[in-house]
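[1] what shape does this take:
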Amino acid sequence: MSGNVLVGDHILVAVGLDSAGRQLERLARDGVLLSASEHAYGEGITGLVETAGLAAGMSRLVAVQPGDLMEGEGCTQLWVRWEAIGSDGTLFPALDADLTLSPAGENTTLLTLAGVYRLPEHAGAWLDPGIVRCFAAVTIDSFIARLACALMHPAGSAVPAGRAGQDSPVPRSGGRPMTGRGTHDDNSAIRGGRAT
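    The predicted model follows:
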């Protein structure tokens, strides 16, 4: 079994396409993209360590490499790579993904992530595929929720957002607000995703 998982997620954000594109570029430049990535990766790895009995310190994120913001055919795209270091000191690409912004209304933008999530080879070799898919999905869900919050609330994006899925104002799929996960009732985003 390989630790490579195809991942995808999407969320509607209550921001126009032009504003979302400018904000995404700023997030990449100002380190907010790194902060959101570090938190999401850390959550995913911690969950794997606790659930699958892996060794603590299995890997940690050391860098986020964003590409150039590309515009064309009514959408804006940003390629992102997460680089992690395994417990043996080997550097590996933990995520290669495209972030795409496309119009979904006058003041609404669809943020989509599509890519490949990777665990260190020694971990992915023996883990159950279902566990790997589950934690890949959790990691990407956390990342895209934080990114959506930063796109919708630029003034607060200099400070890392609350734990995704608990303090995030982003409702789950179908527009149903999250219940028992904080006090927000902002229904300005709708999400859905997959990990295969």
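
[2] list the neighbouring strands of the helix or strand hosting Leu6 plus their orientation.
    Using DSSP states H and E, Leu6 sits in strand 4-13. When pairs are called by DSSP bridges, strand 4-13 turns out to pair with strand 109-118 (antiparallel), strand 191-195 (antiparallel).

[3] so what's Val15 up against?
    Taking CB atoms under 8 Å, 6 or more residues apart in numbering as the criterion, Val15 is in contact with Gln23, Asn107, Thr108, Thr109, Leu151, Met152. Glycine gets a C-beta too; all of them are placed from N, C-alpha and C.

[4] please repeat the previous calculation with a cut-off of 6 Å.
    Neighbour list for Val15: Thr109, Leu151, Met152 [criterion: CB atoms under 6 Å, 6 or more residues apart in numbering].

[5] want to throw these into a markdown table with distance to Ala145 and neighbour count?
    As requested, the contacts of Val15 are exported to a markdown table (distance: CB to CB, whole Å; neighbours: other CB atoms under 10 Å):
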| residue | distance to Ala145 | neighbour count |
| --- | --- | --- |
| Thr109 | 15 | 30 |
| Leu151 | 11 | 26 |
| Met152 | 11 | 22 |
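
[6] returning to that earlier point: confidence-wise, which of the strands paired with strand 4-13 is weakest overall?
    With a mean of 52, strand 191-195 has the lowest mean pLDDT of those.

[7] the closest residue to Val116 other than its chain neighbours: what's it in contact with?
    The shortest distance from Val116 to any non-neighbouring residue, by CB to CB, 6 or more residues apart in numbering, is to Asp96 (5.3 Å). Taking CB under 6 Å, 6+ apart, we find Asp96 in contact with Arg81, Gly115, Val116.

[8] so Asp96 is in which element?
    strand 91-103.

[9] what about that strand, distance to the chain center?
    Computed by CA atoms, centre = their mean, to the nearest Å, the chain-centroid distance of strand 91-103 equals 9 Å.

[10] buried ones in it?
    Ala94, Leu95, Ala97, Leu99, Thr100, Leu101, Ser102, Pro103 (16 or more other CB atoms under 10 Å).

[11] and the angle for it with strand 4-13?
    Here the directions of strand 91-103 and strand 4-13 differ by 30 degrees (axes from the mean of the first three to the mean of the last three CA atoms, to 10 degrees).

[12] neighbouring strands - and their directions - for strand 91-103?
    Assessed with DSSP bridges, strand 91-103 is paired to strand 75-86 (antiparallel), strand 109-118 (antiparallel).
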